[in-house]
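In: output the structure for:
(chains A and B)
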Protein chains: 2
Amino acid sequence: MLALGIDPGTATTGYGLVREAGDGSLTAVDYGVVLTPPDTPMPDRLVMLYESLNEILTLHQPNTAAVEQLFFQKNVKTALSVGQARGVVLLALAQARLDQAEYTPNEIKQAVTGYGSADKNQVQQMVRAILNLDEIPKPDDAADALAVAICHLHSAQTRSAYDQAS
Amino acid sequence: MLALGIDPGTATTGYGLVREAGDGSLTAVDYGVVLTPPDTPMPDRLVMLYESLNEILTLHQPNTAAVEQLFFQKNVKTALSVGQARGVVLLALAQARLDQAEYTPNEIKQAVTGYGSADKNQVQQMVRAILNLDEIPKPDDAADALAVAICHLHSAQTRSAYDQAS
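Out: Have a look, this model is predicted:
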């Protein structure tokens, strides 16, 4: 089972693909960030994000996807901007007919570290350990996206849906 | 010149198409709302919005487009939700290679009524009068979208770009 995790943003959208083997072990298949240039008009940046996501979906054909929830945004202007990127992400995933889950930052921390108030470094160290990587994945948004994918694969819902399908 | 005005939202997106004749007179070509069912998952609602917009773009082939700015949203959760719909709107317009302008609610009121603090009813009455309609266009989001298109056609930028192109 291949899960795609996404941490959406207008300037930087992190993505991480994690495969779960039959024995439950997890490996990172690919991860990175989609960057859009700040001096480009927003509609064009959203097209870039949409096209990059579609390339990732076509290349890897994930079985399931999860997106980080962003209700912690304090600033209305930031929320509107992140919402625009998020809308394009949800659209691309739905058009690829992927089931989509959403997790709050605390759910992700809890799933990855067993501790909902873990700090960024603890989460990144656990992502490295769980995926058996030599180093912490960089940049931060890619590590966050891998954490979303791990959280999704560990969630009971995902396991149940996959067991029924296989 | 045919302008498409859009008032984006997750549940209701208003659209209005206004044609400017050679003598500067404006007529409403089409207007309405794209509704998405509240009991449907958000990603599927965004797909519905995207597909409906593409149908409108294919049918009417507008020359230019304008979207209402939404910085007045006070609630972060609402801003995120409206942002998602807005991201899909900007994407669809950019993919149709349409120039896009944005106007604040005050700019739209000013352009339509000559008065930035006009109330909703005053704006709707002026939209009816400018477009020579028998009645106020309904629902409200469609009337708002027509006001966006009128504002766009009245803006100096739009005139200048059109003059250069023609």
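In: which intervals of chain A have sub-threshold pLDDT?
Out: Applying pLDDT under 70 to chain A flags the ranges A:71-74, A:156-166.
In: the helices in it, which residues?
Out: Under the criterion DSSP state H, helices of chain A are mapped to A:42-60, A:76-95, A:105-113, A:120-130, A:140-154, A:156-165.
In: tally of neighbours for the residue nearest to A:D44 when sequence neighbours are not counted?
Out: Spatially, and ignoring its direct neighbours in sequence, A:D44 is nearest to B:A94 (5.8 Å; CB to CB, 6 or more residues apart in numbering or on different chains). For the C-beta atoms, the positions are set from N, CA and C on the backbone; glycine is no exception. By other CB atoms under 10 Å in any protein chain shown, 21 other residues sit near B:A94.
In: repeat for A:I150
Out: 26.
In: make sure it is actually in contact with A:L26.
Out: Yes: at 6.3 Å, A:I150 counts as touching A:L26 under the criterion of CB atoms under 8 Å.
In: mutual contacts of these two, please.
Out: Residues within reach of A:I150 and of A:L26 at once, by CB atoms under 8 Å, 6 or more residues apart in numbering or on different chains, are A:V18, A:I130, A:L131.
In: is chain B contacted by stretch A:142-161?
Out: No: using CB under 8 Å from any CB of the partner chain, we find that stretch A:142-161 stays clear of chain B, coming within 13.9 Å at best.
In: ok, which residues in chain A are in contact with chain B?
Out: Residues of chain A found near chain B (CB under 8 Å from any CB) are A:41-44, A:46-47, A:50, A:70-71, A:73-77, A:79-88, A:90-91, A:93-95, A:100.
In: at 7 Å instead, please
Out: Neighbours of chain B within chain A, by CB under 7 Å from any CB of the partner chain: A:42-44, A:46-47, A:50, A:70-71, A:73-74, A:76-77, A:79-88, A:90-91, A:93-95, A:100.
In: in chain A, what residue is nearest chain B?
Out: A:G83 (2.1 Å; CB to the nearest CB).
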